[in-house]
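1. Okay, predicted coordinates and the sequence, questions at the end:
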Amino acid sequence: MPATAKKTTPPASKKKAAPAAKATAKPAAKPENKLAKLGLHNDMDLVLHLPLRYEDETTLMSIAEASMRGLQTVQVEGVVTACDVQFRPRRQLIVTVGDDSGQLTLRFINFYGSQTKQLAEGTRVRVRGELRHGFFGAEMVHPSYKVVNEGAPLPDVLTPVYPAGEGLSQAYLRKAIANAMSRLDWSDTLPPSMLETLNLAGFEPSVRLLHNPPPDVDEHALIERSHPAWIRMKFDELLAQQLSLKRAQAARRAKTSRALPVTGRITEELTKVLPFQLTGAQQRVLEEIRADLRQSFPMQRLLQGDVGSGKTVVAALAAAQAIDSGCQAVLMAPTEILAEQHFRKIAAWMEPLNVGVAWLSGSQKKKEKTEALAHIESGAARLVIGTHALIQDTVQFENLGLVIVDEQHRFGVGQRLALRNKSFNPADREAAAVPHQLMMSATPIPRTLAMTYYADLEVSVIDELPPGRSPIVTRVIDQNRRDEVIERVHAAALEGKQIYWVCPLIEESEALQLQTATDTHAALSAALPDLQIGLVHGRMKPVEKQIVMEGFSRGAIHLLVATTVIEVGVDVPNASLMVIEHAERFGLSQLHQLRGRVGRGSAASVCLLLYQGPLGGTAKQRLATMRETTDGFEIARRDLDIRGPGEFLGARQSGEAMLRFADLATDQWLVEKARDTAQALLQHATDIVDRHLARWLGGREDFLKV
């Protein structure tokens with residue numbers, strides 16, 4: 001029987017029922033609902049809810065001995081000799097506890113009225129906390145304590161401290177987990193021979209040790225998660241992820257897709273009309289994509305390339321292959337500015353070749369949208385470019401063969417699935433045939449992360465920038481030197497250069513006292529009256545943004561004040577100076593994307609990062625990285641080190657469980673071992689695969705990658 005989990009049966013509460021609340025009060029959430037908020041739905045979820053840390057309650061010392069230990073966490077036991085609420089210097093509960101060696105004061109600044117009864121004189125308590133010498137002599141502030149009988153035995157294992165949500169006590173969690181452990185099927189999912197080969201501990205002894213480690217355990221190994229018990233948990237987690245992703249890949253390859261083998265007239269003529277030569281890296285990834293498109297199963301390829309590396313032209317040539325092969329192609333981008341820029345650029349290449357290119361966005365007028373929908377459904381539009389509007393039910397393709405998603409991490413898995421499911425035609429909606437899919441990202445994924453989270457994808461990398469791009473010099477400048485920066489902006493504009501000035505907010509926020517785009521636009525307009533200064537932000541109407549961006553593109557606007565709506569896709573070669581306000585508030589990936597708006601022409605380009613001190617450690621690391629390198633892959637590697645994989649992946653919403661135990665910074669060797677083991681198991685031991693996935697994913701592997 002696979003180690004699937006039974007429904008959680010939480011421990012019964014011993015507390016008396018509270019008096020009925022008034023009708024207007026919200027009923028308190030049940031503990032089992034609070035467990036569900038933590039993702040704990042069944043016994044296996046609870047058993048794999050491992051401790052954050054441990055408390056050593058296995059030893060006692062006298063109050064006198066504890067007083068000589070200095071600032072250490074200690075445990076003592078004594079009888080309450082006084083319990084009073086005092087009001088100087090503020091309201092607090094003061095409890096005196098004594099044993100044969102001396103007395104200790106317990107001080108509670110936040111407390112419940114019931115604690116005065118719980119800690120009444122004559123009560124024996126066991127107290128654990130950091131002992132120090134203060135106004136009341138030897139004291140502990142807000143220690144943990146429990147009422148005990150004289151001679152009560154000490155625990156013989158360390159006490160686990162679990163991640164907990166609001167209203168979930170450690171005592172409740174410990175009991176719920178203990179109950180789950182008593183019901184669990186502990187049979188190991190991996191056979192003894194494999195455990196021996198991989199040098200892994202057994203599943204049951206590993207889990208039991210992590211929940212209840214003996215006092216003589218290597219605490220450093222537990223804290224650092226290098227103990228053999230932790231290694232087993234990490235390996236199992238990584239193995240489950242690798243198995244699920246490789247199964248998803250196998251399931252995709254079992255589906256049918258229309259082969260797109262032709263690189264004919266459109267491909268050849270498009271290559272001829274391009275105003276530049278493809279780089280070696282572009283040629284290489286294009287051949288990888290073309291080989292995938294010739295297959296009769298759907299391509300699922302991620303195209304990575306640094307800012308300005310030329311992903312758009314590769315996408316256009318991939319679309320040309322689909323069109324030459326008799327199919328339609330669609331390109332979806334996350335913002336209207338980016339989607340429209342793709343449309344203008346690619347349509348300028350395609351329309352002279354008699355290729356119908358349609359544009360679809362949420363801001364279109366009804367007549368324009370109706371015409372576009374008709375052209376898409378009839379097949380007159382061979383290439384369709386747009387925003388989220390493409391996934392609406394009203395959009396029907398005549399013959400969709402290729403889906404391209406730009407900045408794919410900005411779309412949820414459901415949105416990407418909805419576009420892919422547009423099918424070859426409405427009659428085939430239930431058929432197995434699905435379009436090929438190319439996802440693009442200017443946020444490079446470090447190799448370790450790609451091996452772990454993209455194990456079911458093929459990955460192509462454009463690791464070469466087109467010739468003629470100017471290097472970008474990055475400087476970090478204190479906000480107090482703002483006037484100097486404005487002078488530099490003025491001088492650059494008079495030399496014929498164009499400038500971006502980026503602000504993180506649109507309007508004033510009391511919580512974040514940051515310079516806003518609207519205020520900055522007004523201030524710069526007053527300081528530089530001889531310049532044409534534009535403003536663009538996300539709350540403007542699309543037509544208003546379009547007018548401003550067109551003015552900037554043709555050089556009529558010297559200085560563009562903007563929010564991060566210009567983060568991706570804006571391509572103005574004459575823009576060579578970028579000022580980013582409050583750079584300490586941006587993430588590394590976003591700073592790199594913004595900086596990539598300059599350096600797109602031959603002029604020397606500069607990015608000025610204005611910051612407001614004092615800076616925290618993470619902000620210092622980010623700004624130092626931006627100053628030291630313009631290599632997107634190196635920036636991605638450092639970003640992973642700073643933030644970890646969960647935050648790095650951010651809005652990918654890919655659907656697979658994030659790693660809870662493995663650390664990609666230190667456990668690379670385990671990733672490779674899990675990957676190789678997964679490959680072997682899928683070929684020779686599907687029964688082990690089923691049991692392992694049931695234990696670790698519990699049936700939650702149906703919404704993985706699209």
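-> Cool, got the structure. Numbers count the residues shown, from 1 in each chain.

2. Can you tell me which helices and strands the top strand by length along the chain packs against?
-> Counting by DSSP state E, the longest strand found in the chain is strand 73-86. For strand 73-86, the packing partners by 3 or more Cβ pairs under 8 Å, 6 or more residues apart in numbering; DSSP states H and E come out as helix 63-67, strand 92-99, strand 102-108, strand 124-130. C-betas here are computed from N, CA, C, even on glycine.

3. Which residues are in contact with residue 38?
-> 49, 163-165, 168 (Cβ atoms under 8 Å, 6 or more residues apart in numbering).

4. For stretch 47-55, the averaged confidence score.
-> Averaged across stretch 47-55, the pLDDT comes to 91.

5. which residues sit against that stretch?
-> 5, 38, 40, 73, 128, 144, 158-163, 173, 177, 180-181, 184, 207, 210-211, 213, 219, 222-223, 233, 661, 696.

6. Could you tell me which residues within stretch 380-396 count as buried?
-> 381-391, 395-396 (16 or more other Cβ atoms under 10 Å).

7. which two of these lie the greatest distance from each other?
-> Using Cβ to Cβ, these span at most 21.5 Å, a distance reached by 382 and 388.

8. out of the contacts of residue 38, which are inside helices?
-> Residues from the contacts of residue 38 lying in helices, with DSSP state H as the criterion: none.

9. Of these, which is the most crowded?
-> Among the contacts of residue 38, the one with the most neighbours (other Cβ atoms under 10 Å) is residue 49, at 21 neighbours.

10. List the contacts of stretch 74-88.
-> 56-57, 59-63, 66, 91-99, 103-104, 116, 119-131, 148.

11. Now, of those, which are buried?
-> For the contacts of stretch 74-88, buried by 16+ other Cβ under 10 Å: 56-57, 61-63, 66, 92-93, 95-97, 99, 103-104, 119, 123-129, 131.

12. out of the buried residues of stretch 380-396, which one sits closest to residue 247?
-> Each of the buried residues of stretch 380-396 was scored against residue 247 by Cβ to Cβ, and residue 391 proved nearest at 26.1 Å.

13. And the closest one, how far from residue 357?
-> According to Cβ to Cβ, to the nearest Å, residue 391 and residue 357 sit 19 Å apart.

14. Pass me the low-pLDDT residue ranges in the stretch 401-550 of the chain, would you?
-> For the stretch 401-550 of the chain, residues meeting the criterion pLDDT under 70 lie at 408-432, 446-456, 505-515.

15. which residues make contact with the helix or strand encompassing residue 160 from outside it?
-> Assigned by DSSP states H and E, residue 160 belongs to strand 159-161. Contacts with strand 159-161, where a contact means Cβ under 8 Å, 6+ apart, come from 51-57, 170, 174, 211-212.

16. Would you reformat those residues as TSV and include secondary structure?
-> Compiled in TSV, the contacts of strand 159-161 are given as follows (DSSP: H, G, I helix; E, B strand; the rest coil):
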residue	secondary structure
51	coil
52	coil
53	strand
54	strand
55	strand
56	coil
57	coil
170	helix
174	helix
211	helix
212	coil
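
17. Can you point out the buried residues in the longest strand of the chain?
-> Neighbour-count burial for strand 73-86, counted by 16+ other Cβ under 10 Å, picks out 74-78, 80, 83.

18. how much distance is there from that strand to the middle of the chain?
-> 46 Å (Cα atoms, centre = their mean, to the nearest Å).

19. Pairing partners for it, with directions?
-> strand 92-99 (antiparallel), strand 124-130 (antiparallel) (DSSP bridges).

20. in the stretch 101-250 of the chain, which spans are helices?
-> Assigned by DSSP state H, counting those that start in this stretch, the stretch 101-250 of the chain shows helices spanning 114-118, 170-183, 192-198, 203-211, 219-224, 228-253.

21. ranking those by burial, who's on top?
-> The highest mean neighbour count among the helices of the stretch 101-250 of the chain, using mean count of other Cβ atoms under 10 Å, belongs to helix 228-253: a mean of 21.

22. after it, next one along is what?
-> By DSSP H and E, the next helix or strand past helix 228-253 is helix 265-273.

23. for that following helix, packing partners?
-> helix 311-324, helix 336-350.
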